[in-house]
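Quick one: sequence plus predicted model below, questions after.
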Amino acid sequence: MAIHITGDADADRVLTDDPFALLVGMMLDQQFPMEHAFRGPAKVLDRFGTLDPAAIAAADPEEFTALCSTPPAIHRFPGSMAARLQELARIVADDYDGHAERIWTEATDGRDFLERMQALPGFGKQKAQIFVALVAKQLGVRPDGWESAVGAYAEDAYRSVADVVDAASLQKVRDFKKQKKAEAKAAQISG
């Protein structure tokens with residue numbers, strides 16, 4: 001199944017073809033519009049020439065940060081995200097022999113998949129749940145118990161990137177997030 005998150009056919013192809021790219025896009029999806037975050041792996045590929053985790057992990061940190069910071073940067077905070085990306089690459093290279101998909105294909109069940117995700121830099125519980133849901137919904141990799149591991153993200157409710165398959169669903173997710181922010185702000189004001 002093809003990934004359609006970024007609105008850019010080339011960037012989406014990178015996400016579809018390379019499991020590490022999808023993992024990196026999710027890592028970058030923080031305090032940055034999701035479609036821009038998921039374009040980050042294509043930028044790294046264009047500038048660095050590869051998304052091989054071992055090569056990224058071995059790159060000179062200053063040079064890699066400069067590459068990630070070149071406009072348009074891979075993230076709003078390119079320096080810290082470049083360092084996080086190199087650490088993520090190091091873990092994938094060392095623990096999964098450079099094959100990011102082993103994180104989910106070798107998970108014994110949904111809980112194991114979620115725990116594997118939470119062990120990665122930049123993946124708290126919520127982000128890990130969203131990524132498990134994304135892999136289940138868009139790649140069809142559904143280890144036993146994945147629904148209970150991700151909770152509400154298992155529903156097709158347009159609440160996260162896991163539900164984005166085109167421009168219309170992207171807008172629905174944005175509307176949901178905007179509504180949740182407004183509700184949270186209203187609760188703070190009234191509280």
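Sure thing, it's come through.

Sketch out the low-pLDDT regions of the protein for me.
For the chain, applying pLDDT under 70 flags the ranges 191.

again, only this time at 90
1-2, 31, 33, 151-152, 155-159, 165-167, 170, 174, 176-191 (pLDDT under 90).

Okay, and the residue nearest to the spatial centre of it sits in which element?
Nearest residue to the geometric centre of the chain (C-alpha atoms, centre = their mean): residue 26, 0.9 Å. Using DSSP states H and E, residue 26 falls within helix 19-28.

Output the contacting helices and strands for that helix.
Counting contacts by 3 or more C-beta pairs under 8 Å, 6 or more residues apart in numbering; DSSP states H and E, helix 19-28 packs against helix 9-17, helix 34-37, helix 40-48, helix 78-95, helix 125-134. C-beta: built from backbone N, CA, C; applies to glycine.

quick one: buried residues of stretch 10-25?
Residues 11-12, 14-16, 18-25 are the ones in stretch 10-25 that count as buried (16 or more other C-beta atoms under 10 Å).

Would you mind measuring from residue 70 to residue 155?
Distance of residue 70 to residue 155, computed by C-beta to C-beta, to the nearest Å: 39 Å.

correction: residue 44
Taken as C-beta to C-beta, the span from residue 44 to residue 155 is 32 Å.

So those two - more neighbours on which side?
residue 44 (24 against 13; other C-beta atoms under 10 Å).

Identify the residues contacting residue 96.
102-103 (C-beta atoms under 8 Å, 6 or more residues apart in numbering).

Try it again at 10 Å.
By C-beta atoms under 10 Å, 6 or more residues apart in numbering, residue 96 lies in contact with 19-20, 53, 102-103, 105-106, 116.

And residue 93, by the same measure?
The contact partners of residue 93, taken as C-beta under 10 Å, 6+ apart, are 20, 52-58, 99-100.

Just the buried subset of the residues you listed, please.
20, 52-53, 56-57, 100.

Dump the contacts of residue 96 into TSV; add secondary structure and distance to residue 146 as well.
Shown next, in TSV, are these (DSSP: H, G, I helix; E, B strand; the rest coil; distance: C-beta to C-beta, whole Å):
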residue	secondary structure	distance to residue 146
19	helix	17
20	helix	21
53	helix	24
102	helix	16
103	helix	13
105	helix	13
106	coil	14
116	helix	12
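
For the helices and strands packed on helix 19-28, give me CSV that also has distance to residue 146.
Listed next are the helices and strands packed on helix 19-28 as CSV, based on distance: least, C-beta to C-beta, whole Å:
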stretch, distance to residue 146
helix 9-17, 20
helix 34-37, 21
helix 40-48, 24
helix 78-95, 21
helix 125-134, 6
